[in-house]
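Enquirer: Sharing a model that was predicted from the sequence below.
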Amino acid sequence: MTGIHAKTMRLSTPRIRASWIVYAVLIAGCIVTVVPFVYTILASFKTHAEIIDPHQQSFLPRDFTTENYETIFDDPSLPIERFYLNSILIAVSNVFTLLFSSALFGFVFAKYQFRYKRVLFGYVLLTMMIPFQLTMIPSYLILLKFDLTNKLWGLILLNWFDAFGIFLMRQFMRSIPDELLDAARVDGATEWQIFFRIVIPQIKPALAAYGTFIFISSWNAYLWPLIVLKDQDVRTLPIILTWYNDRHTSNLGLVMAASVLLVMPILMVYFFFQRWFVRGFTLSGFKG
Amino acid sequence: MDNLQPLILYWGLTWAVVGSAVTPLVFDRRGRNPWWGGLIGLIVGICSGEVFGWTLLQIFDSVWPAYARWLSIFGGLVLLLPLWILLKPQRGEHLRAHGIVPGTIVPLIFYLISLSALPMIWAIALAFFEYDPAQKGGPILGLGGENKYVGTQYFEEMVEGDSRNPREFRNSIETTLKFTAVVVPLNLLITIPLASMIESVHQRVRVVFRSIYFLPVVTSSVGVAIMWGYIFNAQYGLANEVTGMAGIKPVAWLQDPRLTIWGIPIALFAVIIAYLWQDFGYNTVIFIAALQGIPDHLKEAARVDGATPLQVFWHITLPLLRPTILFASVFTLISSFQVFDIIQVMTQGGPGRVEGKTKVMVLNIYENAFRFGRMGWAAAMSLVLVAMMLLFTLFQLWAFRSDWEY
């Protein structure tokens, strides 16, 4: 099937022979993209003495060492597993709550008729346009009232609504034919069964894309966790990394090793799921 | 007993949501109007949650003080359960409505009012008060009381104030505008040609390029900031080595307050490079998708008529990309107005204390609200930020308006 498809594609769109200039520019761009990563990773394997020695500057580590990583893992003031756990916990719970709520609300907006639907949906879209900077102060005050600051719960509990997710799910569910749902109704399915057995399986690709998008943006989130989480042991990885950075500014190798530990998990996930990642982000129209 | 306020809020919120979500389904089963079920469930849930939550707390506080708080949460069930069980089915023929609709929509409306509309109103109101959460405020949203009403004082200060805060504010506007003015055009100048180059190569290579260019986008911006902080390190950084090869003297990229490049402070320049590096993959992917949507026969026709590739790009591709360029420029502009992470980590707004060379608006708002406890002033500044974003977006919509399709 795909083979035939590819063949017809190739026949119908004549291939443009890209000149070598195009390839040169694209490869140069790749180098610019990749060098900071490589530079960081290599620096994390250099000794402190090598980094600060002006006569010994080289791209590759001269005395390859893993002592930076050992220092981080042995540091009793930095229980790194704990911060990994915090970040994963928040990201995973956000994925589940937001996937469920967005799919459910999207389903209702896509497939049911009720009075004032357009007004309500318009308002949901409007909340998407409100920049976070406007509501971050009152949102923090609300968390304060709920006594949820300084708790991981604070980042999960009140975060079960995402206007963009609702919009996205509705767009996908609109393409599911109504006849399919009506047929299920005739067969005696309840609305919940229709939702879980018919609609959800139909939009799996969209769910995967949106899910990866939530995971990555909540893993990388910085400003809001920075405001909410003040105590050391509830912090997420990005926040602990800046704290570590401030404490060890002079020891660059150590800080680079710490940032490799922050960045690598997402890059790994990216390599495995990159199809979904790219799609999730382009669907979003939002920046992480 | 210590502060009960959070608990009282939990009682109301929990049972408002549960009541308004479940009751419509019950009403629907019994052949009654589920919308009424939603409304009744909401009211019964809140009342029962508050009243019996309080009662349960009092009762269990003497028996099991350790669990009293947890058990008090179940107060809402005291009235809701009987309502669900004892509700009589309506007699006669009826059409089953869809209980799922009010069962989701009523909680949604409740959420939108209490946790979305309210914060917005609160944010606007805060701008007229001298607000600090540590102070004891008035009864409504903590406004009034020790949090004094100051009227439009903050906005007047912004324009003509001479003290530290207004100067810092005006500096942050200038910095944000400079940042945006460089980032948006540069981003588009890089991403549009890049995307069309990627689009022109073979499918298989295209995917490889696309996923490499997208790497920085998925990287945590804190990680990006630390990586680039090292590259721009004055003594050991890569940036000085590279410029050193061109014979330029080493520069303290992130610390030198005086040095400028084309009127842009060098630290801001360094931050812009890091930001562009992280961000360009996003628009590139958007433009690749848009380019793939342009029908081939249009370009083919131009090519047959003898147009060079550059002419095709300029006269066919670019005009057809116009809606996408609008979309990309609006979103790039909005997100560069909101820049925070990279700057907070790389420079903390410095160099320079009061009028920091990289202190953008969001950083200024954050510091005032959450470090100095000047929430009213911060809210006033965030109103200005939002107004600016709105204004620029409207301008872009007007500038890129197009009324034709292909």
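Expert: Great, that's in hand. Numbering: from 1, shown residues only, chains lettered A, B, ... in the order given.
Enquirer: dump the residue contacts of residue 39.
Expert: Just going to use chain A. Counting by C-beta atoms under 8 Å, 6 or more residues apart in numbering or on different chains, residue A:39 makes contact with A:59, B:227, B:230, B:231, B:238. Using the backbone N, CA and C atoms, a C-beta is placed for each residue, glycine as well.
Enquirer: wrong chain, I was asking about chain B
Expert: By C-beta under 8 Å, 6+ apart, the neighbours of residue B:39 are B:20, B:106.
Enquirer: pLDDT (mean, whole number) over the helix or strand containing it?
Expert: Residue B:39 belongs to helix B:34-63 when assigned by DSSP states H and E. Mean pLDDT, helix B:34-63: 88.
Enquirer: For the helix or strand just after it, C-alpha coordinates in CSV please.
Expert: Following helix B:34-63 in sequence order, the next helix or strand is helix B:68-72 (DSSP H and E). Extracted in CSV, the C-alpha atoms of helix B:68-72 (Å, rounded to 0.1, in the frame of the first residue of the first chain):
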residue,chain,number,x,y,z
ALA,B,68,-11.0,14.8,60.8
ARG,B,69,-9.8,16.9,57.8
TRP,B,70,-9.9,14.0,55.4
LEU,B,71,-13.2,12.8,56.5
SER,B,72,-14.8,16.2,56.4
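Enquirer: Could you report the distance from residue B:324 to residue B:283?
Expert: Taking C-beta to C-beta, to the nearest Å as the measure, residue B:324 falls 9 Å from residue B:283.
Enquirer: Then residue B:61?
Expert: Distance, residue B:61 to residue B:283, by C-beta to C-beta: 59 Å.
Enquirer: Of these two, which one has the most company?
Expert: More neighbours surround residue B:283 than the other of residue B:61 and residue B:283, with 25 against 15 (other C-beta atoms under 10 Å in any protein chain shown).
Enquirer: now the more buried one, what's its secondary structure?
Expert: On the three-state scheme (DSSP: H, G, I helix; E, B strand; the rest coil), residue B:283 is labelled helix.
Enquirer: what helix or strand is the nearest residue to it once chain neighbours are set aside on?
Expert: Spatial nearest neighbour of residue B:283, chain neighbours left out: residue B:191 (4.0 Å); criterion: C-beta to C-beta, 6 or more residues apart in numbering or on different chains. Per DSSP H and E, residue B:191 falls inside helix B:164-200.
Enquirer: Give me the packing partners of that helix, helices and strands only.
Expert: On a contact count with 3 or more C-beta pairs under 8 Å, 6 or more residues apart in numbering or on different chains; DSSP states H and E, helix B:164-200 meets helix A:20-43, helix B:153-160, helix B:203-218, helix B:266-292, helix B:322-337, helix B:361-370, helix B:375-399.
Enquirer: Mind listing what's buried along the last one?
Expert: Counting neighbours by 16 or more other C-beta atoms under 10 Å in any protein chain shown, one finds that the buried residues in helix B:375-399 are B:375-386, B:388-389, B:392-393, B:396.
Enquirer: ok, the residue nearest to residue B:283 - how many residues close by?
Expert: 25.
Enquirer: how deep is the spatially closest residue to residue B:277 that is not a sequence neighbour tucked in, by neighbour count?
Expert: The shortest distance from residue B:277 to any non-neighbouring residue, by C-beta to C-beta, 6+ apart, is to residue B:216 (5.8 Å). Residues near residue B:216, counting by other C-beta under 10 Å, number 23.
Enquirer: Kindly report the same for the one 5 residues further on.
Expert: One way to gauge burial is a neighbour count; for residue B:221, by other C-beta under 10 Å, it gives 26.
Enquirer: shouldn't it be in contact with residue A:222?
Expert: Yes: between residue B:221 and residue A:222 there is a contact under C-beta atoms under 8 Å: 6.4 Å.
Enquirer: who touches both of these two?
Expert: Common neighbours of residue B:221 and residue A:222, counting by C-beta under 8 Å, 6+ apart, are residue B:341.
Enquirer: okay, which residue is most central for the chain?
Expert: All of this is about chain A. Among the residues of chain A, the one closest to the centroid is residue A:216, at 1.4 Å (C-alpha atoms, centre = their mean).
Enquirer: meant chain B, my bad for not saying
Expert: Central residue of chain B (C-alpha atoms, centre = their mean): residue B:338, at 8.0 Å.
Enquirer: For residue 68, which non-adjacent residue is closest in space?
Expert: In the absence of a named chain, chain A is used. Ranked by C-beta to C-beta, 6+ apart and with sequence neighbours excluded, the top spatial neighbour of residue A:68 is residue A:257, at 3.8 Å.
Enquirer: Not quite, go with chain B.
Expert: Residue B:68 sits nearest to residue B:60 (C-beta to C-beta, 6+ apart), 4.0 Å away.
Enquirer: Count the neighbours of the one you found for me.
Expert: Residues near residue B:60, counting by other C-beta under 10 Å, number 17.
Enquirer: what's the answer for residue A:247, then?
Expert: For residue A:247, the neighbour count with other C-beta under 10 Å is 13.
Enquirer: repeat for residue A:175
Expert: Using other C-beta under 10 Å, residue A:175 has 9 neighbouring residues.
Enquirer: list the contacts for it?
Expert: For residue A:175, no contacting residues are found, by C-beta under 8 Å, 6+ apart.
Enquirer: and it, what pLDDT?
Expert: Reading off the confidence values, residue A:175 has pLDDT 85.
Enquirer: Return the distance of it relative to residue A:103.
Expert: Counting by C-beta to C-beta, the separation of residue A:175 from residue A:103 is 14 Å.
Enquirer: about what we covered before: keep the buried residues of helix B:375-399, but drop any that are not near chain A.
Expert: B:375, B:378, B:379, B:382, B:383, B:385, B:386, B:389 (C-beta under 8 Å from any C-beta of the partner chain).
Enquirer: and for stretch A:125-143, what are the contacting residues?
Expert: In contact with stretch A:125-143 (C-beta under 8 Å, 6+ apart) are residues A:149, A:154, A:158, A:163-164, A:167, A:223-224, A:227-228, B:112, B:115-116, B:118-120, B:122-123, B:126, B:133, B:142, B:334, B:338, B:362, B:365, B:369-370, B:375, B:378-379, B:382-383, B:385-386, B:389.
Enquirer: Make a PyMOL selection of the buried ones in those residues.
Expert: Entered in PyMOL, the line below selects the buried ones among those, by 16+ other C-beta under 10 Å:
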select buried, (chain A and resi 149+154+158+163+164+167+223+224+227+228) or (chain B and resi 112+115+116+119+122+123+126+133+142+334+338+362+365+369+370+375+378+379+382+383+385+386+389)
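Enquirer: Quick one: residues contacting the residue nearest to residue A:68.
Expert: Residue A:257 is in contact with A:44, A:68, A:69, A:71, A:72, counting by C-beta under 8 Å, 6+ apart.
Enquirer: Greatest separation within those residues: which pair is it?
Expert: Longest distance between any two of the contacts of residue A:257 is 11.0 Å, between A:44 and A:71; criterion C-beta to C-beta.
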